[in-house]
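Engineer: Sequence and computational prediction follow.
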Amino acid sequence: MSGFRGATAVVGIGATPYYKRGTSPDPEMKLALRAIVAAAEDAGIDPSDIDGFVSYGSERNTGQKLMPALGTKSMRFAGLSWTHGGGIPAAVGLAAMAIHSGQAEIVAVYRAMAEGSNQRLQVAVTQDDTPAQFLANGIDMVLQRSAMRTQRMIEVDGVPASTLEAIAAAAYHHAQNNPGAAGHGTPLTHEKYAGSRFISEPYHLYDCSRENDGAACVILVSAERARTLGQKPAYLLSCPMGASARQGSREDNHEPYTSVGMIELAERMWAESGYGPEDVDVAQIYENFTGMAVGSIIDHGFCTAATAGDFICLDNLVAPNGGLPINTSGGNIADGFIHGMGLVLEAVRQIRGTSTNQVPGAKLSMMAGGPGDSCTSTCLFGSEETLTR
Amino acid sequence: MAATARMRGGIGADGPFWDALENGEFRIARCRNCHTWMMPAHFRCGTCGSWEIGWEEVAPKGVVYAWTRNHMVSDVLKERRGDLPYVTVLVELPHAGGVRVPGMLVGDPPDLACGMPVNGTIHPAEERSRGYATMVWEAAA
């Protein structure tokens, strides 16, 4: 266990509505400001006291650009974590490290997207990053490479294709109780899933994440300060980032190929936090595509390829009674997709007890970053009583 | 070097790979010191530390390591929309240390599966391949 464990906590969460992509009434920067101010109000903090700004991916609304509108007194820390969705828990970790090391006191971690101000996410995040080896051969950075990996996971590792549908079904199941979710009011039946068109085999339409306009933010402070504020703190127990020796940018020559790069991260998280997969009450699993979320669940040690068919089924993945309720707001697939940032807010709601699909008494709440990213991260939040173990 | 401007992105140490294809040869990077095959090519051998990277000609024969049949592509690949549906593969090269190269598979064989043997032929540069000559794969007879 590390001294970093439980040293900081999320004390504020804020988000704009999730708009259908391209329809935000506000430009991207205004969305970012609205989410940050909402998170500050939720925490009972004056927005001008925020002194750290952290994001990830292709975020363009830097702290220095936001300062004038927030009335920032002093920006003492700013950073962008590598790389795309893989950088979300890592961004939370950067904020926590800045606080723990005394560089900043109140740090906002946020992401804002508006297609009208920017462009399609898949273009914005991959245009300078996709190797010619793929683009010259009709292969996109994310979709097709993920589809190929999932195809081999099914064909060679023996993970049943039913696990993909279970991820999508759990997301839509939870969205029905979340009035703000994009998928609210449109349940996903087996017939609807199976009858939807293929995008890249084995992915059907419903295996693919949405893409929305909107912004979301969480605010971290020291554990000491967190106890003086109004909200129930969600303590950060562990937040490993990185890539193991045979991973990194290897253009699909990484090993093991069907891993999503989180085996070593998960081992570090369990060692640092003192908890294991069997202790986790609820998890937000980033799903760009369902098959990659399946890989993330396997990499984290919740099940193996051999047991995935039994573990990754609808009944086991839904609140309140499943063994591992996942994506309880509806996730990227059925709640909405602000590059996965909404999953962090939902992980915090579960600790607070305010989710629309609350897991009763949830104390350990996990959030896994973008699976398959060449550098990725994962994190575990805990309630006050989890600190003493 | 080819007249076509190289796109940005990736590691960028694979210029000789593309130049070789334009010259009708399939070459894969290999460390001159410890003989480790490299895909993607890099600027230094991470195994032994050598900066001397060679390019060895390899027979275009391999096996399908992973595949997908694409029914839709994003704007990133809009020049391929006319080819839909099409199959893309990751081909393992047993004659080059088992490194894997991405590519397109023509013919869409009914028994398409991981492990299927494939042979490659070089296709000249065209707009939809972003101006690069490419190795295109098909099921081995």
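Structural biologist: It's in. Predicted model, so just to flag it, every value in this text is computed and none were measured. Numbering: from 1, shown residues only, chains lettered A, B, ... in the order given.
Engineer: How about the contacts made by residue 104?
Structural biologist: Defaulting to chain A. Residue A:104 makes contact with A:51-52, A:76-77, A:95, A:98, according to CB atoms under 8 Å, 6 or more residues apart in numbering or on different chains. The way it works is simple: take the backbone N, C-alpha and C, and place the C-beta from them, glycine included.
Engineer: Let me rephrase: I mean chain B.
Structural biologist: Residue B:104 neighbours (CB under 8 Å, 6+ apart): A:137-138, B:86-89, B:134, B:136-137.
Engineer: Quick check: the farthest pair among those?
Structural biologist: Greatest spatial distance in those: B:87 and B:134, 14.2 Å, computed using CB to CB.
Engineer: neighbour count winner among these two?
Structural biologist: residue B:134 (25 against 21; other CB atoms under 10 Å in any protein chain shown).
Engineer: still on that earlier bit, go through the contacts of residue B:104 and say which is closest to residue A:340.
Structural biologist: residue B:88 (25.4 Å).
Engineer: Quick check, that closest one in contact with residue A:138.
Structural biologist: Yes: using CB atoms under 8 Å, residue B:88 is in contact with residue A:138, at 5.7 Å.
Engineer: Could you give the bridge partners of the residue nearest the centre of chain B?
Structural biologist: Nearest to the mean C-alpha position of chain B, by CA atoms, centre = their mean, lies residue B:101 at 4.1 Å. Beta bridges link residue B:101 to residue B:91 when assigned by DSSP bridges.
Engineer: ok, it - contacts?
Structural biologist: Neighbours of residue B:101 in contact, by CB under 8 Å, 6+ apart: A:133, B:28, B:39, B:62, B:90-91, B:93, B:135.
Engineer: Also residue A:35?
Structural biologist: Applying CB under 8 Å, 6+ apart, the residues near residue A:35 are A:14-16, A:110, A:112, A:214-217.
Engineer: For the helix or strand that contains it, buried residues please.
Structural biologist: According to DSSP states H and E, residue A:35 maps onto helix A:28-43. For helix A:28-43, a neighbour-count test (16 or more other CB atoms under 10 Å in any protein chain shown) marks A:28-40, A:42-43 as buried.
Engineer: about what we covered before: with secondary structure and pLDDT added, can I get the contacts of residue A:35 in a markdown table?
Structural biologist: What follows is these, written out as a markdown table (DSSP: H, G, I helix; E, B strand; the rest coil; pLDDT from 0 to 100):
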| residue | secondary structure | pLDDT |
| --- | --- | --- |
| A:14 | strand | 98 |
| A:15 | strand | 98 |
| A:16 | coil | 97 |
| A:110 | strand | 98 |
| A:112 | strand | 96 |
| A:214 | strand | 96 |
| A:215 | strand | 97 |
| A:216 | strand | 98 |
| A:217 | strand | 98 |
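Engineer: Quick check: phi and psi at residue A:54.
Structural biologist: phi -140, psi 140 (degrees, to the nearest 10).
Engineer: give me every residue that touches it.
Structural biologist: A:77-81, A:91-92, A:94-95, A:98, A:107-110.
Engineer: Try it again at 10 Å.
Structural biologist: Residues counted as contacts of residue A:54 (CB atoms under 10 Å, 6 or more residues apart in numbering or on different chains) are A:63, A:77-81, A:87, A:90-98, A:104, A:107-110, A:218, A:220.
Engineer: Show me the shaky parts of chain B.
Structural biologist: Low-confidence segments of chain B, defined by pLDDT under 70, span residues B:1-9.
Engineer: Now with 50, please.
Structural biologist: For chain B, residues meeting the criterion pLDDT under 50 lie at B:1-3.
Engineer: can you give me the helices for it?
Structural biologist: B:15-22 (DSSP state H).
Engineer: what's the burial count for the closest residue to chain A within it?
Structural biologist: Per CB to the nearest CB, residue B:10 is where chain B lies closest to chain A, at 2.7 Å. Neighbour count for residue B:10, taken as other CB under 10 Å: 21.
Engineer: who touches the residue lying closest to it once chain neighbours are set aside in this structure?
Structural biologist: Nearest residue to residue B:10 in three dimensions, chain neighbours excluded: residue A:131, at 2.7 Å (CB to CB, 6 or more residues apart in numbering or on different chains). Neighbouring residues of residue A:131 by CB under 10 Å, 6+ apart: A:139, A:141, A:249, A:251-252, B:7, B:9-12, B:14, B:40, B:102.
Engineer: among those, who's most crowded?
Structural biologist: Ranking these using other CB under 10 Å puts residue A:139 first, with 30 neighbours.
Engineer: Next, that one: secondary structure please.
Structural biologist: Secondary structure assignment for residue A:139 (DSSP: H, G, I helix; E, B strand; the rest coil): coil.
Engineer: Could you double-check that it sits in contact with residue B:77?
Structural biologist: Yes: counting by CB atoms under 10 Å, residue A:139 does reach residue B:77; the two are 7.8 Å apart.
Engineer: picking up where we left off before, can you check which residues contact both of residue B:88 and residue A:138?
Structural biologist: In contact with both residue B:88 and residue A:138: A:144, B:70, B:80, B:102-104, using CB under 10 Å, 6+ apart.
Engineer: Helices of the stretch 151-300 of chain A, start to end?
Structural biologist: All helices of the stretch 151-300 of chain A, identified by DSSP state H, counting those that start in this stretch, fall at A:162-175, A:190-195, A:223-226, A:263-273, A:290-299.
Engineer: can those go into JSON lines with extra columns for distance to residue A:232 and mean pLDDT?
Structural biologist: JSON lines is the format used below for the helices of the stretch 151-300 of chain A (distance: least, CB to CB, whole Å; pLDDT from 0 to 100):
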{"stretch": "helix A:162-175", "distance to residue A:232": "21", "mean pLDDT": "98"}
{"stretch": "helix A:190-195", "distance to residue A:232": "36", "mean pLDDT": "98"}
{"stretch": "helix A:223-226", "distance to residue A:232": "9", "mean pLDDT": "98"}
{"stretch": "helix A:263-273", "distance to residue A:232": "19", "mean pLDDT": "98"}
{"stretch": "helix A:290-299", "distance to residue A:232": "27", "mean pLDDT": "98"}
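Engineer: Return the most buried member of those.
Structural biologist: Ranked by mean neighbour count, these are led by helix A:290-299 with a mean of 28 (mean count of other CB atoms under 10 Å in any protein chain shown).
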